[in-house]
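Asks: pasting the structure only:
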């Protein structure tokens, strides 16, 4: 048992997860391209670039930008968090601020989110709360209590060189919503010691947890994460 625990501890120090610092490379640069279709805006494509810095093995912070063409959506995200190791898992306490500009509708959206993510080798769970404010012309309104929830499962431990999993969540990199649930498949594969390929296929019906479902969107992402 002691040898097994020691082996798991050593494996967990490798570059293996969405969040975890690998003990060697403090900088992360991530970029992905996406394509999709929405019944409101039609076909769309997009690009995103993100940078994250691990200040210690516990503290991290970073920033992201994206542009979705077709939707005419332009976004900026600032985020940071603290990692609490718990046996063979990690608990992340995260905070972030998101600004979205929906240029087609002359609308600005700001999101402040605080959430907690529990990440294990096979399973992850996120729960939190968001404050969302919309501004259009001279009017605006807020959604002060928007629950954040999401979960995912992998077929292999996170430290493997490749993995496939399923996810279910009401958020993505640049939005947090109530009942517009994302259902999807994700994968990642190591290209080299410092680079990883990743991707997602996502289906998002609007109002998918209620009888008011009216819109439908599908999207795919493909990207690379590089650490140094």
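Replies: Here it is on my side, so go on. Remember, predicted model here, so these are calculated numbers, not experimental data.

Asks: Just the pLDDT for the nearest residue to residue 174 once chain neighbours are set aside.
Replies: What sits nearest to residue 174 in space, not counting adjacent residues and going by CB to CB, 6 or more residues apart in numbering, is residue 75, at 4.2 Å. For glycine as for every other residue, the C-beta is placed from the backbone atoms N, C-alpha and C. Per-residue confidence (pLDDT) for residue 75: 98.

Asks: how about residue 75, what does it touch?
Replies: 64, 65, 66, 67, 68, 98, 99, 100, 101, 174 (CB atoms under 8 Å, 6 or more residues apart in numbering).

Asks: Residue 110 too?
Replies: Counting by CB under 8 Å, 6+ apart, residue 110 has contacts 97, 98, 99, 100, 132, 133, 135.

Asks: quick check, nearest of the residues you listed to residue 36?
Replies: residue 100 (16.3 Å; CB to CB).

Asks: Any stretches of the chain with poor pLDDT?
Replies: 1-19, 206-215 (pLDDT under 70).

Asks: Grab the nearest non-local neighbour of the spatially most central residue of the chain.
Replies: Of all residues in the chain, the one closest to the mean position by CA atoms, centre = their mean is residue 173, 4.4 Å from it. Excluding the flanking residues, the one nearest residue 173 by CB to CB, 6+ apart is residue 64, at 6.3 Å.

Asks: Show me the beta-bridge partners of residue 86.
Replies: residue 89 (DSSP bridges).

Asks: any idea how far residue 120 is from it?
Replies: Look at residue 86 and residue 120: by CB to CB, to the nearest Å, they are 9 Å apart.

Asks: And for residue 25?
Replies: Distance from residue 25 to residue 120, by CB to CB: 22 Å.

Asks: For the two, indicate the residue with more neighbours.
Replies: residue 120 (17 against 14; other CB atoms under 10 Å).

Asks: Report the contact partners of the more buried one.
Replies: So residue 120 contacts 88, 89 (CB under 8 Å, 6+ apart).

Asks: So how do I select the buried members of the contacts of residue 75 in ChimeraX?
Replies: Selection command for ChimeraX covering only the buried members of the contacts of residue 75, criterion 16 or more other CB atoms under 10 Å:
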select :64,66,68,98,100,101,174
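
Asks: which stretch of helix or strand covers residue 225?
Replies: Per DSSP states H and E, residue 225 falls inside strand 216-227.

Asks: How far does that strand sit from its chain's centre?
Replies: 10 Å (CA atoms, centre = their mean, to the nearest Å).

Asks: likewise stretch 34-41?
Replies: 19 Å.

Asks: rewinding a little: who does the helix or strand where the residue nearest to residue 173 lies touch, helix- and strand-wise?
Replies: Following DSSP H and E, one finds residue 64 within strand 59-69. Counting contacts by 3 or more CB pairs under 8 Å, 6 or more residues apart in numbering; DSSP states H and E, strand 59-69 is packed against strand 42-54, strand 73-86.
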